[in-house]
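*Asks:* Next input, structure requested:
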Amino acid sequence: MTEVTNLTDLRNLPITTDTVYVKGYDNTGDGGGGLFLWRTEAVFQTGYYGTENYGTIIKSNLIAENKGSWIRQYDDYINALYFGCFGVGNSYTAQLQRAIDFASQNSKSNPTLKGSTVFIPNGSYVISNIILKTGVTILGESIERTIIYSPKGTENEYLFEMERGPVFLNISNLRLVGNDTEKGCFRFKSDNSLVSPFHGGLWNSKISDIEISNFKGHGIYLEGGLGNSNYLLPNQFNVFENVRVSKTTDFSNALKMLGQNGQISFINCTFDGFYNNETGVYSKGHNINIKNDKQFTSAVVSFINCTCQSADYGIFIEWAENITIDNCWFESLGVAINVKSSIAQGENDIPSKSINILNNRFANAAGFGSLEAPDNIKKGQCVNISKSFVAVNNNFVLVTDPDGEYFDEDSSFIVAYNNTIGGVSAVDNTFQVYKLNKTFGIMEVIEVDITDSSIDCSGHKLLFVNGSETIIKTIKSYICAGEYLTIRANTDPITFSNVDNIFFSTLNPNNTFQLNNGEIATFVKIDNYVTPNFGTYQLVSIMRQVV
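*Replies:* Predicted structure coming up:
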């Protein structure tokens, strides 16, 4: 077998049909050597496999015409060492990109060469920007010791971005350190390919066992399609597992989701802010920001067994749908979860819908609990809701010392502010002590609609209704059959009529009854086809004032 010292010697070697053993990329034993075979098929003369990539495809200096290539012989993974990524703290951007590009070519239909996984051994790598390619798996050796450092950059730059079109990839076992650069770490921007039907986005991908720290930009930015023409541009069907993100500057996000992002799960992930020991101030802004301002929202997104700590706001949701936060840990937060509507496209408020906050633990997570709270948040809440539909069920709330001098008496478990077009369902929550269960706004104060003699209850189950001279004939509500609706007269008397979809008498369909201030009536919704638009509301009980 012919032997040469490095790839330079291979380029200058007379052509042979024998397998050639190269002792190293630059030097003997540096890990970049291996077996090479001269191949002359057409694909190795022209096209991608006919162009040197300085790792697995090497051209000869002794042949003037492109009549073949030296092709590395390997099994299984494409080792970054093959391309000169030695992991000794130098800059390896071009080398790693070549490895990824080669793996991407191998992942396409009917490739000549095999292998679409790029393996990065333990070591230190300085990388400025990598374009992720579809079909490629990037596998580090370990989350503790496979370390990629980012040099300085601007706030509009990211360490990892992706190519156009639908991108399918897997990334795992990496520690990503920003060195306090202004740029972010991952940007998954949904951009169309140039081939009809113009699909785009991160699809069917998994990002796991990743640690992200010291980036001043966003840690992970999922930027889905926006607007009427971009419904084919979602980030969808993705899983993030055991990903730990720590933001290091105010008003950046550990996780930012904008536009159309769907069917995405975050499992056992951490999204943290920071506490400045010198100033005594927690990080400002949101650890997680989920927002939309166009037609297509983030929807069907799950956070399962995740952690969110040390910031003004833990999770901030503005116009999203089907977001589930289940069995997560919230600690040292001013407002743990904020859910609100959005004014977009010139329309009225568009509510967030089906936001499910279930089985979570809130520890010092409302105005920083009984800890000495800085001035970031004046009044803390575990959950803040505005004009949105939210279920808050089976959560547990505790603080370090509920009787301590720093306990915030103004903090609340739930505050539903101006939630006229939404609804809050809060069931089976438990508390360390009774005073932690304070809520505001779960019941909603509404006015009777004088124009059509109706009350619009939206998703609320407890309402205080301001009276008028109008007789209420119709109840409009999002509740389903079998659910109860409780209405209390709030100021002046209110009158209900036994017509349209309100039922309480079979003897006289024109009967009415009146509630005076402070009196309560409870209805149960019944399915029927008499009033198909709103269903029927059967009177169950009336509570009168005791004289």
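*Asks:* Endpoint to endpoint, stretch 371-388 covers what distance?
*Replies:* End-to-end distance of stretch 371-388 (C-alpha to C-alpha, to the nearest Å): 30 Å.
*Asks:* if you average pLDDT over it, what comes out?
*Replies:* For stretch 371-388, mean pLDDT is 82.
*Asks:* again, but for stretch 17-26
*Replies:* 96.
*Asks:* Okay, domains of the protein per the record?
*Replies:* As assigned by automatic domain parsing, the chain contains the domains 1-73, 76-228, 273-442, 444-543.
*Asks:* Low-confidence stretches in the stretch 201-350 of the chain?
*Replies:* The stretch 201-350 of the chain contains residues with pLDDT under 70 at 227-230, 344-347.
*Asks:* Skip ahead from the longest helix seen in the chain and say which helix or strand is next.
*Replies:* Longest helix in the chain, counting residues (DSSP state H): helix 93-107. Using DSSP states H and E, the next helix or strand after helix 93-107 towards the C-terminus is strand 117-120.
*Asks:* and that following strand, which strands flank it?
*Replies:* Looking at strand 117-120 with DSSP bridges, its partner strands are strand 78-79 (parallel), strand 136-140 (parallel).
*Asks:* Looking at those, which one is packed in the most?
*Replies:* With neighbours defined as mean count of other C-beta atoms under 10 Å, the strands paired with strand 117-120 peak in mean count at strand 78-79, which reaches a mean of 24. Every C-beta, even on glycine, is put in place using the N, C-alpha and C of the backbone.
*Asks:* Break down this structure into its helices, ranges please.
*Replies:* 7-11, 93-107.
*Asks:* To residue 337, which of the strands paired with strand 117-120 lies closest?
*Replies:* Checking these against residue 337 by C-beta to C-beta gives strand 136-140 as the closest, at 32.6 Å.
*Asks:* and the gap between residue 109 and residue 134?
*Replies:* Shown here: residue 109 relative to residue 134, a distance of 12 Å by C-beta to C-beta, to the nearest Å.
*Asks:* now residue 495
*Replies:* Distance, residue 495 to residue 134, using C-beta to C-beta: 65 Å.
*Asks:* Next: residue 454.
*Replies:* Here the criterion is C-beta to C-beta. By it, residue 454 lies 53 Å from residue 134.
*Asks:* Could you dump the strands paired with strand 117-120 into a markdown table and include mean pLDDT?
*Replies:* Formatted as a markdown table, the strands paired with strand 117-120 follow (pLDDT from 0 to 100):
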| stretch | mean pLDDT |
| --- | --- |
| strand 78-79 | 98 |
| strand 136-140 | 98 |
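*Asks:* Tell me which of those strands lies nearest to residue 34.
*Replies:* Distance to residue 34, taken as C-beta to C-beta, is lowest for strand 78-79 among those, at 8.8 Å.
*Asks:* Quick one: distance of the closest one to the chain centre.
*Replies:* Offset of strand 78-79 from its chain centre (C-alpha atoms, centre = their mean, to the nearest Å): 31 Å.
*Asks:* Renumber starting at 614 from here on
*Replies:* Okay, residue one is now 614; in that scheme the one you just asked about reads as strand 691-692.
*Asks:* one step back: got the strands paired with strand 730-733 as TSV, with distance to residue 671 columns?
*Replies:* Shown next, in TSV, are those (distance: least, C-beta to C-beta, whole Å):
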stretch	distance to residue 671
strand 691-692	15
strand 749-753	21
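*Asks:* still on that earlier bit, looking at residue 722 and residue 747, which has the bigger crowd around it?
*Replies:* Neighbours were counted for residue 722 and for residue 747 using other C-beta atoms under 10 Å; residue 747 has more, 20 against 4.
*Asks:* Dihedrals phi and psi, that one?
*Replies:* The phi and psi values for residue 747, taken as degrees, to the nearest 10, are phi -70, psi 150.
*Asks:* Show the pLDDT at it.
*Replies:* pLDDT, read off for residue 747, is 95.
*Asks:* For it, list the residues it contacts.
*Replies:* Shown in contact with residue 747 (C-beta atoms under 8 Å, 6 or more residues apart in numbering): 717, 720, 776, 778-782.
*Asks:* Specify which member of those is nearest to residue 752.
*Replies:* Nearest to residue 752, judged by C-beta to C-beta, of the contacts of residue 747 is residue 782 at 11.2 Å.
*Asks:* show me what contacts the closest one?
*Replies:* Taking C-beta under 8 Å, 6+ apart as the definition, contacts of residue 782 comprise 745-751, 775, 815, 818.
*Asks:* Filter the contacts of residue 747 down to just the buried residues.
*Replies:* Neighbour-count burial (16 or more other C-beta atoms under 10 Å) is assigned, among the contacts of residue 747, to 717, 720, 776, 778-782.
*Asks:* quick revisit: mind putting the helices of the chain in a markdown table, distance to residue 903 and mean pLDDT included?
*Replies:* Output for the helices of the chain, formatted as a markdown table (distance: least, C-beta to C-beta, whole Å; pLDDT from 0 to 100):
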| stretch | distance to residue 903 | mean pLDDT |
| --- | --- | --- |
| helix 620-624 | 48 | 97 |
| helix 706-720 | 29 | 97 |
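*Asks:* got CSV for those, with distance to residue 965 too?
*Replies:* Shown next, in CSV, are the helices of the chain (distance: least, C-beta to C-beta, whole Å):
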stretch, distance to residue 965
helix 620-624, 56
helix 706-720, 38
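*Asks:* So for residue 1016, which of the ones you listed sits nearest?
*Replies:* Residue 1016 lies closest, by C-beta to C-beta, to one member of the helices of the chain: helix 706-720, at 55.7 Å.
*Asks:* now the angle from that closest one to strand 749-753?
*Replies:* For helix 706-720 against strand 749-753, the angle by axes from the mean of the first three to the mean of the last three C-alpha atoms, to 10 degrees is 130 degrees.
*Asks:* What are the buried residues along helix 706-720?
*Replies:* 706, 708-720.
*Asks:* Return the member of those nearest to residue 624.
*Replies:* Of all the buried residues of helix 706-720, residue 624 sits closest to residue 711, with 16.1 Å by C-beta to C-beta.
*Asks:* Okay, the closest one and residue 719: tell me how far apart.
*Replies:* 13 Å.
*Asks:* Ok, residue 745 next?
*Replies:* To residue 719, residue 745 is 15 Å away according to C-beta to C-beta.
*Asks:* Between the buried residues of helix 706-720, which sits nearest residue 907?
*Replies:* Proximity of the buried residues of helix 706-720 to residue 907 was ranked by C-beta to C-beta; the top entry is residue 717 with 30.7 Å.
*Asks:* thinking again about what came up before, could you dump the domains of the chain into JSON lines with distance to residue 859 added?
*Replies:* Formatted as JSON lines, these follow (distance: least, C-beta to C-beta, whole Å):
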{"stretch": "domain 614-686", "distance to residue 859": "32"}
{"stretch": "domain 689-841", "distance to residue 859": "5"}
{"stretch": "domain 886-1055", "distance to residue 859": "7"}
{"stretch": "domain 1057-1156", "distance to residue 859": "36"}
